[in-house]
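Predicted structure and sequence below. I'll ask about it afterward.
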Amino acid sequence: QARLVESGGGLVQPGGSLRLSCTASGFSLGYFSIGWFRQVPGKEREGVSCISTRDGTTDYADSVKGRFTVSRDNAKQTVYLQMNSLKPEDTAVYYCAVNRANYYCSGFVPDDYAYWGQGTQVTVSV
């Protein structure tokens, strides 16, 4: 059964860094694109970044460009989200999911994604 598990969240001060991991099981990671999303209570889920595990192409939301970097290690079945220069507004639960519409990054419409992980909390605060 296909499954994604996020890890690496935590509490960090503004300006700090965290690296999130998204580990896949039950399917081969090299044929899909994986999206990172985040959500705060009372707000819609927001797309953050995407990577095609097939060719490595990436996409980012404007709010995180230049600060976040997505990468993948297909041999480890894992996608990473390196988050630098974190801001309080980055506080959210972060999720990863499989883009079932395309193997390449094609936007951040949540309905295009499946096999959502359970999420990992990121809190940016003094």
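Done, it's in.

first vs last residue of stretch 89-102, how far apart are they?
Using C-alpha to C-alpha, to the nearest Å, the end-to-end distance of stretch 89-102 comes out at 30 Å.

Correction: the previous question concerned stretch 118-126.
By C-alpha to C-alpha, one end of stretch 118-126 lies 26 Å from the other end.

can you pull the buried residues of that stretch?
119-120, 122, 124 (16 or more other C-beta atoms under 10 Å). (Glycine included, C-beta is placed from N, CA and C.)

what helix or strand is the most centrally placed residue in the chain on?
By C-alpha atoms, centre = their mean, the chain has its centre lying nearest to residue 36, at 2.3 Å. Here residue 36 sits within strand 33-39, counting by DSSP states H and E.

and that strand, which residues are buried?
33-38.

quick one, what contacts the closest residue to residue 67 other than its chain neighbours?
Spatial nearest neighbour of residue 67, excluding adjacent residues (C-beta to C-beta, 6 or more residues apart in numbering): residue 85 at 4.6 Å. When contacts are counted by C-beta atoms under 8 Å, 6 or more residues apart in numbering, residue 85 touches 15, 17, 67.

Buried residues in stretch 70-86, which are they?
Here stretch 70-86 shows 70, 72, 77-81, 83, 86 as buried, counting by 16+ other C-beta under 10 Å.

From residue 126, how far out is the residue nearest to residue 48 when sequence neighbours are not counted?
Nearest residue to residue 48 in three dimensions, chain neighbours excluded: residue 36, at 4.4 Å (C-beta to C-beta, 6+ apart). Counting by C-beta to C-beta, to the nearest Å, the gap from residue 36 to residue 126 is 25 Å.

How are the strands of the protein distributed by residue range?
3-7, 10-12, 18-25, 33-39, 46-52, 58-60, 68-73, 78-83, 92-99, 113-114, 120-124 (DSSP state E).

Let me have these in JSON lines, extended by mean pLDDT.
Below are the strands of the chain laid out as JSON lines (pLDDT from 0 to 100):
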{"stretch": "strand 3-7", "mean pLDDT": "97"}
{"stretch": "strand 10-12", "mean pLDDT": "98"}
{"stretch": "strand 18-25", "mean pLDDT": "97"}
{"stretch": "strand 33-39", "mean pLDDT": "97"}
{"stretch": "strand 46-52", "mean pLDDT": "97"}
{"stretch": "strand 58-60", "mean pLDDT": "97"}
{"stretch": "strand 68-73", "mean pLDDT": "97"}
{"stretch": "strand 78-83", "mean pLDDT": "98"}
{"stretch": "strand 92-99", "mean pLDDT": "97"}
{"stretch": "strand 113-114", "mean pLDDT": "95"}
{"stretch": "strand 120-124", "mean pLDDT": "98"}
